[in-house]
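[1] Below are the sequence and a predicted model; questions follow.
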Amino acid sequence: MLASSRTLTVGQLTEYISQTLRNDPRLVDVTVEGELSNFIHHRSGHMYFTLKDKTCSIKGVMFQSWNRRLPFVPENGQRVYVRGDVAVYKKGGNYQLNIYAMEPAGQGALALAFAQLKEKLDKEGVFAQETKLPLPKFPRRIGLVTSAQGAALQDFIITAASQGWPATLVLAPATVQGHTGATSVVSALERLSHSEVDVIVVTRGGGSLEELWVFNEETVARAVASCPVPVVSAVGHETDFTICDFAADARAATPTAAARLVLPDASALHQDLQRQRRRLTTAVLRLVEGRRRNLDNLARRPALARPLQILLQPRQNLDHVSYRLRSQYARFLEQQRGRLAGTTARLADLNPMAVMSRGFSVVRDQRGIIKSVEQVVPGQVITIQFQDGSVQAKVDAQGGKKNE
């Protein structure tokens, strides 16, 4: 019989193994290097994966309470260092690593997170040049997002004063380091974008990658890129680059450089204005002198010296044309009078009354003028029209060629 007083249930054996693993200091807070495979970021927030090398593999889990602090996104095939405890997953009856820290092998976690976020936002077009806003040439109100106690603010104020340009600085204090920094910077940007500033400068002094990490957060980058007011990023020293620098409309190497970038040099502008004024004065004097010479040359011309002479020839021409017109009109009238006289004479000759004055008369009946003897018959009453009156007569006889 296999059964004895030492017989264990599956649960008892599993619990014994679990206790043994927990009590072994070599299996607690252990660091393991391996390659990630079968990586799953579950909707619950937990991460499940297999950690393997050339010969072996082990299951791993990183619960949400730990993995939400990861600055990078784990990927299959990535070599990582993990730190955690060896434990037993009782329901499955297998051992696994319960992990509470992870970082990439070969490069820092922050460096990888920087590269991943930069690539992601670049693909989305967040850094596209065509979406960037131009900086105003002569700003009147400048917004500042920075720490109220930081050296960056003082550097900006001192340089702005040396520029001599009359601009108002509007400070939106923000936490520029630590876990609350990203939220603080985004909130400050939001406040300034509604305060009628012409340009916003996001700035802080230099520091390590960890200290500058607020400006590598995705929320900050998106807030900077979508801000309706032009944004200048001036974070760290000249050699420091952040995601905020790529998302901003312009980058300045330092807070001092940012002040010089957004504020014109009043002294240089004044000198340039004086140069332009001198050039304009010289150009106007040269133009006036040229016009004066032209007027002098015109004044020396005979026609302008004696302008009435210009009118004499046209006046003479006008008199000549007027004489010709009058002569031609008189001839025309004479010709028309002759034509009218001829027409009047012809009309007089054709006047029937004039013919009748020579002894002729017109014979009519009720149908009209009688032109032939054939139109009358004996006994017919006719009317004879003379020059000075008419008489009625009665035809007694009819004669003519037909009766000859």
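    Here it is on my side, so go on.
[2] For residue 39, give me its contacts.
    47-49, 74-76 (CB atoms under 8 Å, 6 or more residues apart in numbering). Just so you know, the C-beta spots here come from the backbone N, C-alpha and C atoms, and that holds for glycine as well.
[3] go with 10 Å
    Residue 39 is in contact with 47-50, 60, 73-78, counting by CB atoms under 10 Å, 6 or more residues apart in numbering.
[4] right, and out of these, which lies closest to residue 345?
    For those, the closest approach to residue 345 (CB to CB) belongs to residue 73, at 126.2 Å.
[5] so what's the closest one closest to, chain neighbours aside?
    With CB to CB, 6 or more residues apart in numbering as the measure, residue 116 is the residue that lies nearest to residue 73, at 5.8 Å, once sequence neighbours are left out.
[6] Just to be sure, the one you found is in a helix?
    Yes. With DSSP: H, G, I helix; E, B strand; the rest coil as the criterion, residue 116 is part of a helix.
[7] Most neighbours among the contacts of residue 39, which one?
    residue 49 (26 neighbours; other CB atoms under 10 Å).
[8] pLDDT wise, what is it at?
    At residue 49, the model reports a pLDDT of 93.
[9] can I see the domain layout of this structure?
    According to automatic domain parsing, the chain comprises the domains 10-106, 114-267, 356-398.
[10] Next up, the contacts around the residue nearest to residue 73.
    71-73, 75.
[11] sorry, back to before: ok, the contacts of residue 39 vs residue 165, which is closest?
    Of all those, residue 165 sits closest to residue 73, with 44.6 Å by CB to CB.
[12] so what's that closest one up against?
    39, 41, 67, 112-113, 116-117, 120.
[13] for it, helix, strand, or coil?
    Classification of residue 73 using three-state DSSP returns coil.
[14] The one 4 residues further on now?
    Secondary structure of residue 77, reduced to three states by three-state DSSP: coil.
[15] What distance do you get for it to residue 38?
    Relative to residue 38, residue 77 is positioned 11 Å away (CB to CB, to the nearest Å).
[16] wait, residue 233 sits on residue 203?
    Yes. Between residue 233 and residue 203 there is a contact at 7.7 Å, judged by CB atoms under 10 Å.
[17] can you give me the strands in the stretch 251-400 of the chain?
    362-365, 368-369, 381-386, 389-394 (DSSP state E, counting those that start in this stretch).
[18] Including mean pLDDT and distance to residue 253, could these go into CSV?
    Putting these into CSV (pLDDT from 0 to 100; distance: least, CB to CB, whole Å) gives the following:
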stretch, mean pLDDT, distance to residue 253
strand 362-365, 87, 129
strand 368-369, 87, 126
strand 381-386, 87, 131
strand 389-394, 87, 133
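[19] closest to residue 265 out of the ones you listed?
    Residue 265 lies closest to strand 368-369 among the strands of the stretch 251-400 of the chain, at 118.3 Å (CB to CB).
[20] what's the overlap in contacts for residue 233 and residue 203?
    145, 215, 244, 252, 258.
[21] The first one: neighbour count?
    Same thing as residue 145. Neighbours around residue 145, by other CB under 10 Å: 26.
[22] ok, now how distant is it from residue 255?
    Counting by CB to CB, the gap from residue 145 to residue 255 is 11 Å.
[23] Give the residues shared as contacts by those two.
    Common neighbours of residue 145 and residue 255 (CB under 10 Å, 6+ apart) are 201, 203-204.
[24] any idea which of these is closest to residue 151?
    Looking across the shared contacts of residue 145 and residue 255 and measuring by CB to CB, the closest to residue 151 is residue 204, at 8.9 Å.
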